[in-house]
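Colleague: here is the input, now give the coordinates:
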Amino acid sequence: MLYDAIILAGGNNASELKKIAPYENEALIIIGNSPMINYVYRALRASKNIGRIVISGPVKDLRAILAKDPELLFVEGGDNAVASFANAVELLKQGEMSESLLIMPTDIPFITTAAIDDFIAQSEIHQADFYYPITSKEVNEHKFPGVSRTYVKLREGTFTGGNLFIIRSRVINQVMHMAEELVKRRKSPLAMARLFGLGLVLQFLFKRLTIPAVEKRFAEVTGISGKALISGYAEVGVDVDKPSDLLLAQAYLAGTS
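Modeller: Predicted coordinates:
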């Protein structure tokens, strides 16, 4: 099965990051010898699991960077990630949309084809409407020593959220509002727990929260089934949204193009 994929490239450059990378859009920030969007696009395009790719963002700038791929689809980004996603979905609906969509942001230049394919392969083992990768602190720090990430202590270990999503096409309309809340709260574990109720907050505070408990509550709140997939690839859990991240990316990807 081929997956339609969406790259969300509409994000404005954050104020702190912009101090050392003066670009209006994160996708355009130069890392090594290429704009950040190039790293994400190349990893995605190399996957044999991917069919159509839509990039949602500043179309004129993105077309100029990625002009060599005539099969790429472009659509203007929205005011936020959810709106940019909705714009891309509307474009995909003009053809025959795949059963499941892979969504990823533009600020994950470390991402690899192997990490993407592993996430897809894991998702196909389980039956769910929504899939989300998590990576352990040990995996992240082994690959990127000293990287700054927001971690959550669960019974199964200490994890950070990843930056890829798979969603079944049939439930897209159902989860748009919830997606806005998840995006707003994704950097705060406690805010995320509050979204799902007091019981989850208490389990989180007393370090008794488990992955199945989160999945169960997610289904109760949203009406769709979700599955957290533990990835062995740190590349899915490290993004570039602050100066220290960009410095890490510049060091790690120096000399690449």
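Colleague: A228 reaches I134, doesn't it?
Modeller: Yes - here A228 reaches I134: they are 5.3 Å apart, a contact under Cβ atoms under 8 Å. C-beta coordinates here come from the backbone N, C-alpha and C atoms, glycine included.
Colleague: joint contacts of these two?
Modeller: Taking Cβ atoms under 8 Å, 6 or more residues apart in numbering as the contact rule, A228 and I134 both touch I211.
Colleague: who touches the residue sitting nearest the centre point of the chain in this structure?
Modeller: By Cα atoms, centre = their mean, the mean C-alpha position of the chain lies nearest to N163, the distance being 2.5 Å. By Cβ under 8 Å, 6+ apart, the residues touching N163 are M104, P105, D107, I108, I111, P133, V236, G237, D239.
Colleague: helices of this structure, residue ranges please.
Modeller: Ranges of helices in the chain, per DSSP state H, are 15-18, 36-45, 59-65, 81-92, 113-123, 137-143, 172-185, 189-195, 198-205, 211-222, 243-252.
Colleague: what's the mean pLDDT across the longest one?
Modeller: In other words, helix 172-185. For helix 172-185, mean pLDDT is 70.
Colleague: return the helix or strand in the protein with minimum mean pLDDT.
Modeller: Every helix and strand of the chain was ranked by mean pLDDT, DSSP states H and E. The lowest is helix 198-205, at a mean of 50.
Colleague: so which bits of stretch 112-131 are buried?
Modeller: For stretch 112-131, the neighbour count (16 or more other Cβ atoms under 10 Å) marks 112-113, 115-120, 122-123, 128-131 as buried.
Colleague: ditto for stretch 72-88
Modeller: Applying 16+ other Cβ under 10 Å to stretch 72-88 flags 72-78, 80-88 as buried.
Colleague: how about that stretch as CSV, C-alpha atoms only?
Modeller: The C-alpha trace of stretch 72-88 is given here as CSV (Å, rounded to 0.1, in the frame of the first residue of the first chain):
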residue,chain,number,x,y,z
LEU,A,72,5.4,17.2,-6.2
LEU,A,73,2.2,18.9,-5.2
PHE,A,74,2.1,22.3,-3.5
VAL,A,75,-0.6,24.2,-1.6
GLU,A,76,-0.4,27.4,0.4
GLY,A,77,0.0,26.9,4.2
GLY,A,78,-2.6,28.1,6.7
ASP,A,79,-2.4,30.2,9.8
ASN,A,80,-1.3,27.1,11.8
ALA,A,81,-0.3,23.5,11.3
VAL,A,82,-3.9,22.2,11.4
ALA,A,83,-5.0,24.7,8.8
SER,A,84,-2.0,23.8,6.6
PHE,A,85,-2.9,20.1,7.0
ALA,A,86,-6.5,20.9,6.0
ASN,A,87,-5.4,22.7,2.9
ALA,A,88,-3.2,19.7,1.8
